[in-house]
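*Asks:* Sequence plus predicted model, see below.
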Amino acid sequence: MDEVIRPVEHDATEITYDEQRYPARPNRLRSRAQVRRPERRSTDWRTADGTNPSYVQWLVGQSMLADADVLGRQLSGQAIMWRNPYARPDARRALRTASVWFTAYPISLITRPGESFLGALGDDQLWQTFRKIGIDAVHTGPVKQAGGIRGWQMTPSVDGHFDRISTHIDTAFGTEAEFRRLCETADSHDGSVIDDIVPGHTGKGADFRLAEMAYEDYPGIYHMVEILEQDWDLLPEVPEGRDAVNLDAVAEAKLAEAGYIIGALQRVIFYAPGVKETNWSATAPVIGVDGTCRRWVYLHYFKEGQPSINWLDPTFAGMRLVIGDALHSLGDLGTQALRLDANGFLGVEKSAEGLPAWSEGHPLSQAANHVIAGMVRKIGGFTFQELNLTIEDIRDTGRVGADLSYDFVNRPAYHHALATGDTDFLRLTLRTSLEVGVDPVSLVHALQNHDELTYELVHWATLHSADVYRFRGRDITGAELAETIRADLLRHLTGEAADYNLVFTTNGIACTTASVIAAAQGLRTLDEIGEEHVDDIRRAHLLLAKYNAWQPGVFALSGWDLLGMLPVPADTVQDLIAEGDTRWIHRSAHDLMDVAPDASTSSAGMPRGRSLYGALPAQLASGTSFVAGLRALIAIRNRHDIAVATQLDIPDVAHKGMLVMVHRLDQGETAVADAPIQVTVLNFTGDTINGAVRSTHFVPGCRVVDACTGDEIGRVDGLYSFGVTLDPYDGLFLLLEPT
């Protein structure tokens, strides 16, 4: 396991050029050894290297940077670029566009025979169903071409299509025409479509291959450094059949000492001995367009096939590529919003001697996010970010960048509350978020998505590791708190507790929402989960939906949630998880509309999982189904505009399994003095709870009304409190009405 390194404060360096072994100045200002330049050779038309002009131009025709240049010129100087405000993020504007999202995963959706993913997602009947439930937006997930290019051949994605190599739609998911029809269908139902861009890296596609060949300004796209031939002995050999190899810590240190790279970063994400020991890899020798044979070292925060984009190169090639991808989604395809994937790692800088390089919370990340989000707002869209860093990082980036942020802070905490029957940590995270300045209205509160249940707990494990918190009646440091929560989640949700949920590296647990609940309810194997357990699982699932939906911000859920999907047995995806990516067990294929009841896999080959709740049409016909309950709680959410409300308080509770959230239904207009007070009260246990709810924001004498039934359940007394009774996994949406 990789050691989690606490980020350090980065002041301006006191090291001068004279004190550094290798001056930080352009190479032309200092001497360099003469490198042997091989002569150009005649080239066979089939040759796939820089000596073949046909191959080079074929790559240019595939490249994202070339497309970006064309797209940029089409919009430059047009009136549309000046019609919208763009300087400041506006969460409530985004929420009024779309506040209940369906998060799709392309390779897991079962479609009609011969129907594509995008064709299925653009089906009018599906959108009618979504609108009946209350869903007003679809996040498609990544559907553009991803993976890499080796020679003349395409290679598959190494990270679920988050290693993008083209602005073109991957034919495995459909066509651009189908994507545009999806956007048109969504618009006809007052819905929105949300696409992805990946500002931190690409795959090893045409852009990277051209960069390796030193073609024009393509090397400027990436954090890549040419290693002089006399220093190739510092590089590891690349095995036959591979195009690069990861550096070990010794090679990383030697290259840093030689002045080539900035060395170790603050974390090694996805650390695996012998696979990824550092964030740097070295290429095999590559013949460039000038006939020179080069080797490069390049940065990749994630997998070897995901080279990182350089946001501060003199060519600004990386910035142009990313902005072009965004313009294509919004201006050409017709989407309304974009997710910024892994956008917290856009700046790196050498630190003082002996310290890891500054790679998290860097000001360049904030500046780059401001540029991206500002451009998207300028043409009428909005963005949300998936930033798993400290709460301060989420706050600071959100002040200038994306309109919304994925709720990485409270997501592991509400799973912990369910697993342990204790909301202590959840109350701590909610309060800390408010205190630091991250308003829940700016967050995307989600059930399951395509990724693992994240328990990295970066805020407490890194920057605040030495800070002291009150937890379970005693003082505890942030580092101890993070370790305690991780241990609790692992003990309650994996191993002997539930062999169907698997640990995913050091990031979290591969599971579905239904399998988290099953584990919390003591069901240890998939075979133990019988029909007699479905009602209890469904009730707890609706509780978690109420937690996410009955507070300000976006409410997001997946097909795995809608159908109550369980993970697939590990042996059915053994080839996919062989290298440690256990997330494939929870990406089971599912059939939303029961269009292919006999299909055993999706068209992409993902095995069909077990659904506890059934397809959407059958659920809508039942008054007791999960979707029926979901529809009702979303209707309450929409009726009272809690999505754009203001959170006031997370008070102490009378029972450890209770959670209370107090909101003012003011649509963000905090100056409105008479806005109604709303109270969400939840029971994270399987037991009945009787207890008092108290907050200084309550007004004595107010009637306490259950918004779902219209019944008065009590009055606020002189101690600013009232009593409630909560059934197992129950949740109440309460309104305080003056008498």
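*Replies:* Cool, the structure landed.
*Asks:* how about the residue nearest to Cys183 when sequence neighbours are not counted, what does it touch?
*Replies:* Spatially, and ignoring its direct neighbours in sequence, Cys183 is nearest to Gly334 (3.6 Å; CB to CB, 6 or more residues apart in numbering). Where you see a C-beta, it was placed from the backbone N, CA and C, and this is true even at glycine. Remark: with contacts taken as CB atoms under 8 Å, 6 or more residues apart in numbering, Gly334 is in contact with Phe179, Arg180, Cys183, Glu184, Asp187, Val193.
*Asks:* Output those residues in TSV; the columns should cover pLDDT, distance to Gln230 and secondary structure.
*Replies:* Formatted as TSV, the contacts of Gly334 follow (pLDDT from 0 to 100; distance: CB to CB, whole Å; DSSP: H, G, I helix; E, B strand; the rest coil):
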residue	pLDDT	distance to Gln230	secondary structure
Phe179	97	50	helix
Arg180	97	53	helix
Cys183	97	54	helix
Glu184	97	59	helix
Asp187	97	60	helix
Val193	98	53	strand
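*Asks:* which non-adjacent residue is nearest Leu235?
*Replies:* For Leu235, the spatially nearest residue (CB to CB, 6+ apart) is Ala282, at 4.4 Å.
*Asks:* So that neighbour sits against Val238, correct?
*Replies:* Yes. When contacts are counted by CB atoms under 8 Å, Ala282 is listed as touching Val238 (7.1 Å).
*Asks:* burial count for the residue nearest to Tyr215 when sequence neighbours are not counted?
*Replies:* Nearest in space to Tyr215, with sequence neighbours left out and distances taken as CB to CB, 6+ apart, is Val289 at 5.1 Å. Applying other CB atoms under 10 Å, we find 18 other residues in the vicinity of Val289.
*Asks:* Return the residues in contact with Val289.
*Replies:* Contact analysis of Val289 by CB under 8 Å, 6+ apart lists Gly50, Thr51, Val56, Met213, Ala214, Tyr215.
*Asks:* Quick check, the first one in contact with Val56.
*Replies:* Yes. At 6.4 Å, Gly50 and Val56 qualify as touching, with contact defined as CB under 8 Å.
*Asks:* if you count what's nearby, which of the two comes out ahead?
*Replies:* More neighbours surround Gly50 than the other of Gly50 and Val56, with 26 against 21 (other CB under 10 Å).
*Asks:* rewinding a little: give the residues shared as contacts by Gly50 and Val56.
*Replies:* Taking CB under 8 Å, 6+ apart as the contact criterion, the residues that touch both Gly50 and Val56 are Met213, Tyr215, Val289.
*Asks:* Ile261: which of those residues is nearest?
*Replies:* Using CB to CB, Met213 is the member of the shared contacts of Gly50 and Val56 that sits closest to Ile261, with 20.6 Å.
*Asks:* and the gap between the closest one and Ser166?
*Replies:* Here the distance between Met213 and Ser166 works out to 18 Å (CB to CB, to the nearest Å).
*Asks:* likewise Arg470?
*Replies:* Using CB to CB, Arg470 is found at 51 Å from Ser166.
*Asks:* now swap in Arg524 and tell me
*Replies:* The separation that Arg524 has from Ser166, given CB to CB, amounts to 45 Å.
*Asks:* Gly731 too?
*Replies:* For Gly731, the distance to Ser166 - CB to CB - is 45 Å.
*Asks:* cool, and Asn410?
*Replies:* If you go by CB to CB, the gap between Asn410 and Ser166 works out to 36 Å.
*Asks:* for Val289, same thing?
*Replies:* Noted for Val289: a distance of 21 Å to Ser166, by CB to CB.
*Asks:* next one: Ala540
*Replies:* The gap separating Ala540 from Ser166 is 42 Å, by CB to CB.
*Asks:* what are the ranges of the helices in the stretch 101-250 of the chain?
*Replies:* Secondary structure of the stretch 101-250 of the chain (DSSP state H, counting those that start in this stretch): helices at 117-121, 124-133, 176-188, 206-212, 249-257.
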